[in-house]
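K.L.:
fold the stuff below for me.
(2 chains)
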There are 2 protein chains.
Amino acid sequence: MQDAFVLTARYVVSMDDAGTVYSPGCVEIKQGMIASVGNLEDVSQSQERIDYGNAAIIPGLINSHTHAAMSLLRGVADDLPLDDWLANHIWPLEAKFLSPEFIRTGSRLAVLEMLKGGTTMFADMYFFEDEVAGAAKDAGIRVLIGEGLLAFPTASAKDPNQAFDHILEQAGKYRDDELVGVLVAAHSTYATSEDQLRRCAQLSAELNLPVQIHCAEGKKEVEECLQKYGKSQVAYLADLGLLDTRNTQISLVHMVWPQEGDWEFLKRDNVSVISCPQSNLKLGSGIPPLARYVDEDIRVVLGTDGAASNNNLDMWEELRLAAFLAKGSTLDPTKLPAQRALRMVTIDAARAWNLGDQLGSLEPGKKADIAVVDLDRPNTTPCYDIYSTLVYAAGSSNVKDVFVGGKRVVKNGNLSGGVLNEADVLAEAREWAEKIKKARIDG
Amino acid sequence: MQDAFVLTARYVVSMDDAGTVYSPGCVEIKQGMIASVGNLEDVSQSQERIDYGNAAIIPGLINSHTHAAMSLLRGVADDLPLDDWLANHIWPLEAKFLSPEFIRTGSRLAVLEMLKGGTTMFADMYFFEDEVAGAAKDAGIRVLIGEGLLAFPTASAKDPNQAFDHILEQAGKYRDDELVGVLVAAHSTYATSEDQLRRCAQLSAELNLPVQIHCAEGKKEVEECLQKYGKSQVAYLADLGLLDTRNTQISLVHMVWPQEGDWEFLKRDNVSVISCPQSNLKLGSGIPPLARYVDEDIRVVLGTDGAASNNNLDMWEELRLAAFLAKGSTLDPTKLPAQRALRMVTIDAARAWNLGDQLGSLEPGKKADIAVVDLDRPNTTPCYDIYSTLVYAAGSSNVKDVFVGGKRVVKNGNLSGGVLNEADVLAEAREWAEKIKKARIDG
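P.N.:
Numbering: from 1, shown residues only, chains lettered A, B, ... in the order given. Okay, the predicted model is just below:
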């Protein structure tokens, strides 16, 4: 493919602030960037051109929260009480198996699944994040790596504060990387220390790095924080300087149980909520108050969480469920309409990561991160309203082609152009699973 | 393919009462019936054999409630208040467009989508149901047709009671049909008359036909019934003889808002609840109390509802959402575990339709209705527990082959063997959509 080319389709859904849909439309790409977007008749006939016909060209989806390598633990233990699941299954397995090799295979498996479903960027929080970056680069997907900060030793940081060294090193290493960025990934108010959290705030301000932290996921942790500190987790984080507008951006992951005093903090422009509705339901954490977040004009975006608690990395399912829960839990079908919902995985997500000027919509000057959604399928026929079709009817399997930075990384539903081979990655993942199964049987 | 053959795969998930999984396993099919099910080593080597490798062979899924032809109205009006949606969009469009031709194309579109996703039987409620039967037979899917009974004239019954004539005629016509059965489809307590409902009870008993009726979908209809009759809709139906055990079987569709006195009725063996969780959320009807239905040992099965209120016919999404809602709404991740959930779309659904001896599980003597789920994909790798993989990770796009009555009707994800051509059906559906769009613009 040449350096300059044009994509055309029945719909180009720009997700610009005016909500412009060009139908039929075209996107002109030059050197990895979007050069122009418009109606089909505006295309110059001389350019190389891919015509997708009855399809929608949309911004690539952004998965704002995952633990990618946990894909290797997909379904390893389900339908269990949360404490049992963590203490007797996930943590012991992580203690035994986490290594750079585990993270490499798990992340490869995850990026395969994400890319094929139209996700072009994800924000990660786990360990050995250099390996996550490597897997992402091999597949050609964008990533924000987040080396997990906990108050106790982890697989990648024998001394709890060693994770800061990793972050500093990564921030240097990936400063000018085209695909990889770095975030400050504090685990939570209960598993990350006060000192660590203060240092996160400093680091964010000094190095211009966004922060993400799990917050108010379960009722129990909220109550424990109220008891211990006499304030909500959000207020506690604010007191430590983490919600300060001098920091770049902070994303509070889950927020199933906001407390009354939290709302004023959540409205700040540098604060976002990352909701993971499938994970919240499946783990019995609760039903996130998505309609209220939208009504209060809080920036709320979506993530899959890790595949151990979801159990897939399908952003279409999250998107649909978010809209459905907003309606079903308020008995109001007008809540979180389709177009508004689609912002949660595109332009609003880009803004949550301080990347609103580069990603999240199809506008001239932005990077050409694009998913092409095939509408010529039973589940997307007919199409009366493209937002409605995308949010309520389409799915990962409708994704035909995917471009990241103008490079076609998925072609006709298969990986293309990168160095990863799907069959090899699946075989590697199955080998890990055999080891893990054996360890569980052996005790 | 010959009259006798064997399917083998890494997993055969029988859904028998003991929950037997054969791994690796095989299913022997003879003249459309299951002749034997067992471990791989039990296969006789001389038979014709299809080896699916890393896949799961499961009973075909049963969609217990839909209005198939409404697929032509998929996404025609979304995110609206329920009254506005019905009175100003759906009903006027139905009044203008419903015809045998509309039903034919709409049903063809629906059966295409359902079959490709692994659904091998659906229970319908709409109009001109002879056309639904025709579409089903053309594609090779099983159907229970339900001519809608309403207290006012409909497209297919100028006199409200004419629908009974249709039902009687259909009951005769399809008595010995291999694929088509007939049900008594009363719309609801508020849109079907008391006399009609009494006649439904008689008809069900006399002709051995199951009944289905929308019930307790929205809060408002529940309150109106309490006001008008001084009792719940379920109690009202019981008084009219519809929950009498002399009737074959009644299925109450939706039941988002059961009243306290309803539970004793729901526990009867001839009564089932059909939940349509995506529709209930999307229309703002509410969150169905699925965990309580399961805890109280009430037979609860799943349907997609019509594509105008869902907006697809994907049983995997319903299955997953049902399990997630049971957990999320009770804050208890142990509710509705994966294996129990899978019963809702297989053996329990067959029992809800009085077909438990013929369908719903892979056991000798049952009809060979089978879906083959490809596990060799990123979203289903690795697999530690097959139920978990099927319910929490897999989707329609994992469905590779589908058999109905031993006949392969989907092969490698494409229709096979029937007389329907996918591209033709999609083109016909788009033509209808153009007419409908034009009518809306014109007024």
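
K.L.:
can you list the residues of the stretch 101-250 of chain A near chain B?
P.N.:
Counting by CB under 8 Å from any CB of the partner chain, the stretch 101-250 of chain A comes close to chain B at A:109, A:110, A:112, A:113, A:116, A:219. The way it works is simple: take the backbone N, C-alpha and C, and place the C-beta from them, glycine included.

K.L.:
would you mind putting the residues you listed into TSV with pLDDT and neighbour count alongside?
P.N.:
Formatted as TSV, these follow (pLDDT from 0 to 100; neighbours: other CB atoms under 10 Å in any protein chain shown):
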residue	pLDDT	neighbour count
A:109	98	31
A:110	98	34
A:112	97	28
A:113	98	26
A:116	98	25
A:219	96	14
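
K.L.:
which of those residues fall within helices?
P.N.:
A:109, A:110, A:112, A:113, A:116, A:219 (DSSP state H).

K.L.:
can you tell me how far residue A:351 is from residue A:167?
P.N.:
Distance, residue A:351 to residue A:167, by CB to CB, to the nearest Å: 23 Å.

K.L.:
and whichever residue of the stretch 151-300 of chain A sits closest to chain B, what does it touch?
P.N.:
Nearest residue of the stretch 151-300 of chain A to chain B: residue A:281, at 3.1 Å (CB to the nearest CB). Counting by CB atoms under 8 Å, 6 or more residues apart in numbering or on different chains, residue A:281 makes contact with A:287, A:321, B:324, B:325, B:327, B:328.

K.L.:
without its sequence neighbours, what residue ends up closest to it?
P.N.:
residue B:328 (3.1 Å; CB to CB, 6 or more residues apart in numbering or on different chains).

K.L.:
pretty sure the one you found contacts residue A:280?
P.N.:
Yes: contact criterion CB atoms under 8 Å: residue B:328 and residue A:280 qualify, at 6.3 Å.

K.L.:
how about the strands in the stretch 151-300 of chain A?
P.N.:
Taking DSSP state E, counting those that start in this stretch, the strands of the stretch 151-300 of chain A run over residues A:180-182, A:184-186, A:211-215, A:250-254, A:271-275, A:300-302.

K.L.:
JSON lines for those, including distance to residue A:103?
P.N.:
Listed next are the strands of the stretch 151-300 of chain A as JSON lines, based on distance: least, CB to CB, whole Å:
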{"stretch": "strand A:180-182", "distance to residue A:103": "14"}
{"stretch": "strand A:184-186", "distance to residue A:103": "14"}
{"stretch": "strand A:211-215", "distance to residue A:103": "18"}
{"stretch": "strand A:250-254", "distance to residue A:103": "20"}
{"stretch": "strand A:271-275", "distance to residue A:103": "21"}
{"stretch": "strand A:300-302", "distance to residue A:103": "24"}
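
K.L.:
now, of these, which is deepest in the fold?
P.N.:
With neighbours defined as mean count of other CB atoms under 10 Å in any protein chain shown, those peak in mean count at strand A:184-186, which reaches a mean of 30.

K.L.:
what's the mean pLDDT across that one?
P.N.:
Mean pLDDT, strand A:184-186: 97.

K.L.:
show me where chain A dips below the pLDDT cut-off.
P.N.:
Counting by pLDDT under 70, chain A shows low-confidence ranges at A:1-2, A:443.

K.L.:
how does it divide into domains?
P.N.:
A:4-60+A:366-415, A:61-352 (automatic domain parsing).

K.L.:
mind checking if the shortest one is in reach of chain B?
P.N.:
Just to be clear, that refers to domain A:4-60+A:366-415. Yes: counting by CB under 8 Å from any CB, chain B has neighbours in domain A:4-60+A:366-415: A:376-379, A:381-385, A:388-389, A:392-393, A:395-397.

K.L.:
which two among these are spaced furthest apart?
P.N.:
With CB to CB as the measure, no two of the residues of domain A:4-60+A:366-415 next to chain B lie farther apart than A:384 and A:396, at 22.2 Å.

K.L.:
name the residue in the two with the higher neighbour count.
P.N.:
residue A:396 (26 against 16; other CB atoms under 10 Å in any protein chain shown).

K.L.:
that one touches residue B:393, doesn't it?
P.N.:
No: using CB under 8 Å, residue A:396 makes no contact with residue B:393, being 11.8 Å away.

K.L.:
between these two, which contacts overlap?
P.N.:
Common neighbours of residue A:396 and residue B:393 (CB under 8 Å, 6+ apart) are residue B:379.

K.L.:
more neighbours: which of residue B:328 and residue A:280?
P.N.:
Neighbours were counted for residue B:328 and for residue A:280 using other CB under 10 Å; residue B:328 has more, 30 against 26.

K.L.:
OK, contacts around the more buried one?
P.N.:
Applying CB under 8 Å, 6+ apart, we find residue B:328 in contact with A:280, A:281, A:282, A:284, A:285, A:286, A:287.

K.L.:
one more: residue A:361?
P.N.:
Residue A:361 neighbours (CB under 8 Å, 6+ apart): A:14, A:15, A:16, A:59, A:346, A:347, A:350.
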